[in-house]
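Novice: Compute the structure for the input listed below.
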Amino acid sequence: MFTEKERLERALRQEEVDRPPCICPGGMMNMITTDLMDACGVTWPEAHTDAQMMADLALASYQHGCFENVGVPFCMTIEAEELGAKVTLGSKIFKPHVTEYAGTSVTEWKKSSPINLECGRAKVVLDAIRILKEKNLDVPIIGNLVGPVSVASSVIDPVGFYKDLRRHKEEAHQFMTFVTEQLIAFANAMIENGADVIAISDPSGTGEILGPKYFEEFAVTYINRLLDSLQKEKLGTIVHICGQMSPVYKEINEVRSSALSFDSIVPMKEARKHLPDRVLMGNVSTYALEFGDPARVKILTKSCMRNGSDIIAPACGLGMKSPLPNIQAILACVKGEA
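Specialist: Numbering: from 1, shown residues only. Got it, this is the predicted structure:
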């Protein structure tokens, strides 16, 4: 019998475990719902800017039998905001999102200032991680980052950004290098404050959007640069990529993370066939978790386990109105209780 932290760390190292871990990292892979907020008395948008509230809300997901981890933050806008984009914090049912880009072309990237870890929401995240660490729980703390392409296309208008990958390739690489350096700094600060695992979600850096050539050149290259910077820490890393994988299985296998996570559009059996030696995570349907029932969630969870998922998790996080009984059904099923 392992603790939740030991089980996840062993799974990420491809060591034997008693059963698959059941997690939801946070960040883009949202682990918070309105039911959970109501249950613990902490709500958005206040929890986005208050470290204690952020820590309490992250811990509530574990305490209410949803997942075997805690994770912060709860959105994918902090890095973009730090680099010059304007953001609204949303509401209880809507996540923060970008309202104004910092520029329209990668040629403007030098206007962005380096991320400031001493103030703003970046510091809130670091303080929340420290608060969670000080609780001395046997539960893994996951620090979440937005991937390089997704950050870049949230700072620069994505229409211009994607065109500039071809029109201004040199400046595009300069901008991507700058963005990745900021993510490395943020990740290292998360680790210093107590994060046990770093999860990176890059929903805009997909093979479907970029095509195999640019997926490898701009997504894989800079994700790996970020991952390589963390290797000396010897901690687990998770990379989540959205969309179909069939055009880019070769390229995705080059990503040097401990685990790869996919959304529910990717059949787990297919992913296992193409990636036989990788730790795979996922991919219980986010839609079913919000609009299905516990029985349906149980069927999907067992399918993921049977078809090769090493770490059970929602495909792309949780919809805000996902009922708690549906979410709790995943962990109960993994434990053999459902």
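Novice: I figured residue 238 was touching residue 278, is that so?
Specialist: No - contact criterion C-beta atoms under 8 Å: residue 238 and residue 278 do not qualify, at 11.6 Å. (C-beta placed from N, C-alpha, C; glycine too.)
Novice: higher neighbour count, these two?
Specialist: Counting neighbours by other C-beta atoms under 10 Å for residue 238 and for residue 278 shows that residue 238 has the greater number, 25 against 19.
Novice: so how far is the least confident helix or strand in the chain by mean pLDDT off the chain centroid?
Specialist: Here the helix or strand of the chain ranked lowest by mean pLDDT, DSSP states H and E is helix 207-214, holding a mean of 91. Averaged C-alpha coordinates place helix 207-214 at 20 Å from its chain's average position (C-alpha atoms, centre = their mean, to the nearest Å).
Novice: Report all helices and strands that whatever helix or strand comes next after it contacts.
Specialist: Downstream of helix 207-214, the next assigned helix or strand under DSSP states H and E is helix 221-230. If contacts are counted by 3 or more C-beta pairs under 8 Å, 6 or more residues apart in numbering; DSSP states H and E, helix 221-230 sits against helix 148-155, helix 169-193, strand 197-201, strand 236-241.
Novice: Mind listing what's buried along the second one?
Specialist: By that I understand helix 169-193. Applying a neighbour-count criterion of 16 or more other C-beta atoms under 10 Å, the buried positions in helix 169-193 are 171-173, 175-176, 178-191, 193.
Novice: Report the angle between it and strand 236-241.
Specialist: 140 degrees (axes from the mean of the first three to the mean of the last three C-alpha atoms, to 10 degrees).
Novice: got a list of contacts for helix 169-193?
Specialist: Outside of helix 169-193, the residues within contact range by C-beta atoms under 8 Å, 6 or more residues apart in numbering are 79, 82-83, 106-107, 109, 112, 114-115, 117, 122, 125-127, 129-130, 133, 143, 145-146, 148-149, 151-152, 155-156, 161, 164-165, 198, 218, 221-222, 225-226, 229-230, 233, 235.
Novice: Run the angle between it and helix 221-230 for me.
Specialist: Relative orientation of helix 169-193 and helix 221-230, computed by the same axes, to 10 degrees: 30 degrees.
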